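Novice: Next input, structure requested:
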Amino acid sequence: MILRLVGFFAILGFLIFIHELGHYLAARLVGVKVEEFGMGYPPRLAKLFRFQGTDFTLNWIPYGGFARLKGTDDGDRAPDAFDAASPLNRAFILLAGVGMNLVVAIVCFAVTYRAGVPVSAGLPELMEIGRGSVAETLSLEEGDIVLTVDGAAASVPMLTEWVGINGLRSAPVGSMEATGQVTVMNNGALKQLPLTGDISLKDLLDGSRYRPVLSTMITAVEEASPAEGSGLEVGDRIYSLAAEPVSLFGNSLIERTQSHAGREVSIEVLRGRTEWVSARIIPRTDPPDGQGPLGITVSTTSRIGYVRSVRAALLGLTDTLGYVWATLRLPAEMIRDRESDVSGSLVGPVGIASMVGDAIEATTRTGLWLPVLRLTGALSAALAVVNLLPLPALDGGRLLFVVIEVVRRRPVHPERARVVHFVGMALLLVLMVALTVQDVTDPQQPIDWYGLLGN
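Specialist: Just a heads-up that it's a prediction; the model follows:
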């Protein structure tokens, strides 16, 4: 519980602090005075210092921060007051907080790709040997499956955007020492080839065409199932069914078992690192509920992969836009599916605290920053969208008042603006209480970080 509370205040506080920092920097840039920039929320604990007319304060509630601008909704028309600034400058100040949250989201997502995330991986099966390639020099043949390089699994990513696997910072995969060996298998026959020289798996595959295979691992075998009868075991990596290579991509394994239901077919698996097992199996035509034709549970094998910096930044931007769009669609989805469970329904502080705690626990146990960083990025993107909604007391509501002023060519009366924002804040607090009650009485299904991380 303490971990969840500390994590909740740390992450949400950081995101709110960054949001308010955006307002502060934008206001300073256009000449609007910031009377106070507070770290945490009042009551005030101490005044830290004063810089160019702004009091920097430390407050008792360690959650976020605030930027108090001069002349906000009080009719102050001094040159350095917010209300006296041009509509364009006020819009810039209001949007700056949202912009900072979007930048944080992009950075968080990009860092996950750069620092290393689990990716679906297989072993390379050589389809064509390039002339003059390292594979040709080693006398490798078409159909050879590279199993290990100097004792390390020869994992290659299933998707081309991943440029590295198994190492967080090194592009070569399982580099060979001067006296290393390359272990390959062809039709169940094992070969170990010595090699001198500093060669990586990337060097080994350059110039040759290959495909990732053996990416589907058995994670459970049901009792009295065809798989158990055929001697399949947990940890086996399936190479082929009915003499055709299979994978989870495109549901080819599911399609192949269904198309051969009721007929005896061959199945080939890799057990451990070097044991090749061939068996016969009959997929069931009418399996028990919750079981497939073979009676196995499978998942893709995973390794740690990363992408280059530019690609990581682009993926970070893509993920941020995806979360923004998902947040914008959420109200419509909730209305359309109000009689059913909506996986993306709203959560309140308790729900967010639970999510943060789960992410921190997953990061602590796995050593991967992906859970914390991706959750922080998602929350930052959601915070940006929510603040941009045209609701009173939010940046979007104040931005709407600026638009109304431009259309009417006169500002909304300060007293009316204060009343509207007060009512809006009260309604937001009521919504927050309602969401908190929902979090306690009907908690959300937790995110399966361990499943996403490949267990």
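
Novice: could you measure the spatially most central residue of the chain against G397, distance?
Specialist: Closest to where the C-alpha atoms of the chain average out (Cα atoms, centre = their mean) is R374, at 4.2 Å. The gap separating R374 from G397 is 29 Å, by Cβ to Cβ, to the nearest Å. C-beta: built from backbone N, CA, C; applies to glycine.

Novice: now G40
Specialist: Where G397 is concerned, G40 sits at a distance of 24 Å (Cβ to Cβ).

Novice: before we move on, what about L253?
Specialist: L253 is 52 Å from G397, where distance means Cβ to Cβ.

Novice: In the record's domain split, what are the boundaries for the chain?
Specialist: 117-211, 216-291 (automatic domain parsing).

Novice: What segments of the stretch 151-300 of the chain are strands?
Specialist: 152-153, 156-157, 164-165, 181-186, 189-194, 209-213, 216-221, 237-241, 244-245, 265-271, 275-281, 296-300 (DSSP state E, counting those that start in this stretch).

Novice: Where does the prediction get shaky in the stretch 51-200 of the chain?
Specialist: Regions of the stretch 51-200 of the chain meeting the criterion pLDDT under 70 cover residues 63, 73-76, 158-180, 196-197.

Novice: Could I get the full set of helices for it?
Specialist: For the stretch 51-200 of the chain, applying DSSP state H, counting those that start in this stretch gives helices covering 87-115, 134-137.

Novice: in the longest one, what's buried?
Specialist: Read that as helix 87-115. Within helix 87-115, the residues that qualify as buried are 89-98, 100-102, 104-115, counting by 16 or more other Cβ atoms under 10 Å.

Novice: cool, and the shortest one?
Specialist: Buried residues in helix 134-137, counted by 16+ other Cβ under 10 Å: V134, A135.

Novice: which helices and strands sit right next to it?
Specialist: Helix 134-137 sits against helix 201-205, with contacts defined as 3 or more Cβ pairs under 8 Å, 6 or more residues apart in numbering; DSSP states H and E.

Novice: For the helix it packs on, give the mean pLDDT please.
Specialist: Averaging pLDDT along helix 201-205 gives 84.

Novice: Stretch 11-27 now?
Specialist: Taken as a whole, stretch 11-27 has an average pLDDT of 91.

Novice: Looking at the domains of the chain, spot the one closest to V430.
Specialist: domain 117-211 (39.2 Å; Cβ to Cβ).

Novice: Could you tell me the end-to-end distance of the closest one?
Specialist: In domain 117-211, first residue to last residue: 21 Å (Cα to Cα, to the nearest Å).

Novice: How about stretch 181-201?
Specialist: Per Cα to Cα, the first residue of stretch 181-201 is 11 Å away from its last.

Novice: again with stretch 199-209
Specialist: Using Cα to Cα, the two ends of stretch 199-209 sit 18 Å apart.

Novice: Quick check: buried residues in it?
Specialist: I199, S200, L201, K202, D203, L204, L205, S208.

Novice: and these as CSV, adding distance to K70?
Specialist: Putting the buried residues of stretch 199-209 into CSV (distance: Cβ to Cβ, whole Å) gives the following:
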residue, distance to K70
I199, 66
S200, 61
L201, 62
K202, 59
D203, 63
L204, 66
L205, 63
S208, 68
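
Novice: between the residues you listed, which is nearest F422?
Specialist: For the buried residues of stretch 199-209, the minimum distance to F422 (Cβ to Cβ) is 62.3 Å, reached by K202.

Novice: Taking helix 87-115 as reference, get the angle to the lengthiest strand in the chain.
Specialist: Ranked by number of residues, the top strand in the chain under DSSP state E is strand 34-51. Strand 34-51 and helix 87-115 meet at an angle of 60 degrees, taking axes from the mean of the first three to the mean of the last three Cα atoms, to 10 degrees as the criterion.

Novice: Look at F56 and say how many residues are nearby.
Specialist: By the criterion of other Cβ atoms under 10 Å, F56 has 17 neighbours.

Novice: circling back: roughly how far does the residue nearest to the centre of the chain sit from R410?
Specialist: The gap separating R374 from R410 is 46 Å, by Cβ to Cβ.

Novice: Repeat that for S86.
Specialist: On the measure of Cβ to Cβ, S86 and R410 end up 14 Å apart.

Novice: try L58
Specialist: Separation of L58 from R410 (Cβ to Cβ) stands at 40 Å.

Novice: now V234
Specialist: Using Cβ to Cβ, one obtains 73 Å as the distance from V234 to R410.

Novice: ok, the two, which is more surrounded?
Specialist: Remark: of V234 and R410, V234 carries more neighbours, 12 against 9, as counted by other Cβ under 10 Å.

Novice: Which helix or strand lies directly C-terminal to the helix or strand encompassing A381?
Specialist: Using DSSP states H and E, A381 sits in helix 370-388. Using DSSP H and E, the helix or strand that follows helix 370-388 in sequence is helix 395-408.

Novice: what angle sits between the helix or strand following that following helix and helix 370-388?
Specialist: On the C-terminal side of helix 395-408, the closest following helix or strand by DSSP H and E is helix 414-441. Orientation check (the same axes, to 10 degrees): helix 414-441 against helix 370-388 gives 150 degrees.

Novice: Buried residues in helix 414-441, which are they?
Specialist: Quick answer for helix 414-441 (16+ other Cβ under 10 Å): A417, V420, H421, L435, Q438, D439.

Novice: was I right about the first one contacting F401?
Specialist: I take that to be A417. Yes - A417 is in contact with F401 according to Cβ atoms under 8 Å; the separation is 6.1 Å.

Novice: before we move on, back to that, so can I have CSV of the strands of the stretch 151-300 of the chain showing distance to G322?
Specialist: Listed next are the strands of the stretch 151-300 of the chain as CSV, based on distance: least, Cβ to Cβ, whole Å:
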stretch, distance to G322
strand 152-153, 32
strand 156-157, 21
strand 164-165, 24
strand 181-186, 40
strand 189-194, 44
strand 209-213, 26
strand 216-221, 27
strand 237-241, 32
strand 244-245, 32
strand 265-271, 36
strand 275-281, 40
strand 296-300, 21
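
Novice: Looking at these, spot the one closest to L48.
Specialist: Evaluated over those, closeness to L48 peaks at strand 164-165, with 44.1 Å, by Cβ to Cβ.

Novice: Count the residues that sit near L321.
Specialist: By the criterion of other Cβ under 10 Å, L321 has 14 neighbours.

Novice: Helix, strand or coil: sort out it for me.
Specialist: Under DSSP: H, G, I helix; E, B strand; the rest coil, the three-state class of L321 is helix.

Novice: Distance of it relative to A115?
Specialist: 21 Å.

Novice: S208 now?
Specialist: In terms of Cβ to Cβ, S208 sits 30 Å off from A115.

Novice: do the same with V420
Specialist: As judged by Cβ to Cβ, V420 and A115 stand 45 Å apart.

Novice: now swap in P43 and tell me
Specialist: From P43 to A115 the distance is 39 Å (Cβ to Cβ).

Novice: What residues does S259 make contact with?
Specialist: S259 makes no contacts at all, as judged by Cβ atoms under 8 Å, 6 or more residues apart in numbering.
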